Every structure is written in C-alpha cells, then in structure tokens.
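Chemist: From the sequence below, what's the structure:
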Amino acid sequence: MESFKATYLWRYMPRPYDKMRAILLPKDEPRSTRVSRALRESGVADLGQYLATLCA
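Modeler: Numbering: from 1, shown residues only. I've put the predicted structure just below:
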C-alpha cells in the first residue's frame with residue numbers, strides 16, 4: 001500500500017482480536033479502492049461489512 005501510494009490508516013484491534021489489525025481505506029480515492037478490491041479478492045475480512053452486519 002505504501003509503495004502504491006494508497007491512503008490508509010491501520011490500528012490494532014481491541015481484545016480478543018488484539019493480534020489483528022484494522023486497515024481503514026477511504027472510499028473516495030482510486031488507489032485505496034484498488035487496494036480494497038485486492039484485499040477482498042484475496043480473502044481478507046471486510047471490517048466495515050462485518051460491523052454493518054452487527055448493526056443490522
């Protein structure tokens with residue numbers, strides 16, 4: 001993501017997921033959108049979708 005110059009922010013997750021990281025990508029930036037698509041295609045869990053499901 002860095003070498004691709006995509007905008008992102010990552011943070012460690014709280015317990016019990018403290019060994020994982022949350023990667024936040026802005027939806028309005030083309031490079032970040034491409035990174036998001038690649039992560040999704042490779043099987044990385046979508047935190048935003050997970051949280052939306054919990055709220056529904």
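Chemist: Ser36 belongs to a strand?
Modeler: No. Per DSSP: H, G, I helix; E, B strand; the rest coil, Ser36 lies outside any strand segment and is helix.
Chemist: Pull up the per-residue confidence for it.
Modeler: Per-residue pLDDT puts Ser36 at 94.
Chemist: Quick check: it touching Leu25?
Modeler: Yes. Using C-beta atoms under 8 Å, Ser36 is in contact with Leu25, at 4.9 Å. (Each C-beta comes from the backbone N, C-alpha and C, glycine too.)
Chemist: Can you report phi and psi for the residue lying closest to Leu47 once chain neighbours are set aside?
Modeler: In this structure, Leu47 finds its nearest non-sequential neighbour in Ala22, 5.3 Å apart by C-beta to C-beta, 6 or more residues apart in numbering. Dihedral angles phi and psi of Ala22 (degrees, to the nearest 10) take the values phi -100, psi 130.
Chemist: same thing with Leu24?
Modeler: Main-chain torsions, Leu24, degrees, to the nearest 10: phi -110, psi 130.
Chemist: what's the answer for the one 3 residues further on, then?
Modeler: Lys27 adopts backbone torsions of phi -80, psi -20, taken as degrees, to the nearest 10.
Chemist: dump the residue contacts of it.
Modeler: By C-beta atoms under 8 Å, 6 or more residues apart in numbering, the residues touching Lys27 are 33, 36.
Chemist: mind running it again at 10 Å?
Modeler: Lys27 makes contact with 33, 36, 48, according to C-beta atoms under 10 Å, 6 or more residues apart in numbering.
Chemist: Okay, it and Val35: tell me how far apart.
Modeler: Lys27 sits 11 Å away from Val35, going by C-beta to C-beta, to the nearest Å.
Chemist: Next: Asp46.
Modeler: Asp46 sits 13 Å away from Val35, taking C-beta to C-beta as the criterion.
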